[in-house]
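1. have a look at this prediction, sequence included:
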Amino acid sequence: MTRRRKAREIALQFLYQLDLVGDENPAPHAEEFWARHPVDTDGRAFADALVYGTKAHQAEIDRLIARSAEHWDLDRMAVVDRNILRLAIWELLWHGEVPPKVAINEAIEMAKKFGTKESSRFINGVLDRIHKEARSAS
């Protein structure tokens with residue numbers, strides 16, 4: 001597993017935890033989270049960028065998900081699927097360091113590992129739609 005994939009998985013776990021406790025601010029939970037999930041400095045920096053970036057844009061990201069996930073209410077989505085989408089959308093639209101195909105593929109791989117049998121197909125469809133809309137808008 002690549003270092004960045006591991007960091008994405010850890011970021012997903014942090015986002016999942018924040019979603020479950022209903023907190024938008026990662027800062028109060030960071031020390032405890034990182035004590036339980038030690039990683040090297042680069043991995044933590046990348047995971048932190050993913051978490052804090054995702055949380056900073058979560059309202060806009062959630063609107064994109066709601067608009068792109070036909071017949072799916074955001075609150076009724078599986079928590080893991082919702083957070084994989086959030087993380088991947090932030091990477092696609094705001095991070096800019098990773099090619100879109102890589103961000104989408106990484107999200108699909110996380111969905112296969114952490115989601116249900118249908119998660120990867122669902123996530124691929126939503127991300128593909130958002131990526132195409134963003135590309136046509138620019």
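-> Great, that's in hand.

2. which other residues reach the strand or helix carrying A30?
-> Per DSSP states H and E: A30 is located in helix 27-36. Residues outside helix 27-36 that contact it (Cβ atoms under 8 Å, 6 or more residues apart in numbering): F14, Q17, L18, V21, D23, P26, R44, D48. Backbone N, C-alpha and C define where each C-beta goes, glycine included.

3. flag every buried residue along the helix or strand hosting the first one.
-> Taking DSSP H and E as the criterion, the element that holds F14 is helix 3-21. Taking 16 or more other Cβ atoms under 10 Å as the neighbour-count basis, helix 3-21 is seen to contain the buried residues 4, 6-19.

4. next: stretch 122-129.
-> Residues F122, I123, V126, L127 are the ones in stretch 122-129 that count as buried (16+ other Cβ under 10 Å).

5. next, count neighbours for R121.
-> Here the number of neighbours of R121 (other Cβ atoms under 10 Å) works out to 14.

6. next, the contact list for the closest residue to F46 other than its chain neighbours, please.
-> In space, F46 comes closest to A7 once its chain neighbours are excluded; the distance is 4.2 Å by Cβ to Cβ, 6 or more residues apart in numbering. Residues in contact with A7 (Cβ under 8 Å, 6+ apart) are V39, D42, G43, R44, F46, A47, L50.

7. wait, doesn't A107 sit right on A88?
-> Yes - with contact defined as Cβ atoms under 8 Å, A107 reaches A88; the gap is 3.6 Å.

8. quick one: which of the buried residues of helix 3-21 is nearest K112?
-> Checking the buried residues of helix 3-21 against K112 with Cβ to Cβ, the nearest one is E9 at 11.9 Å.

9. which helix or which strand is home to the nearest residue to that closest one once chain neighbours are set aside?
-> Nearest residue to E9, sequence neighbours excluded (Cβ to Cβ, 6+ apart): M110, at 6.3 Å. Per DSSP H and E: M110 is located in helix 100-114.

10. can you name the residues in contact with that helix?
-> 4-5, 8-9, 12, 80-81, 84-85, 87-88, 91-92, 95, 98, 119-120, 122-124, 127-128, 131, 135.
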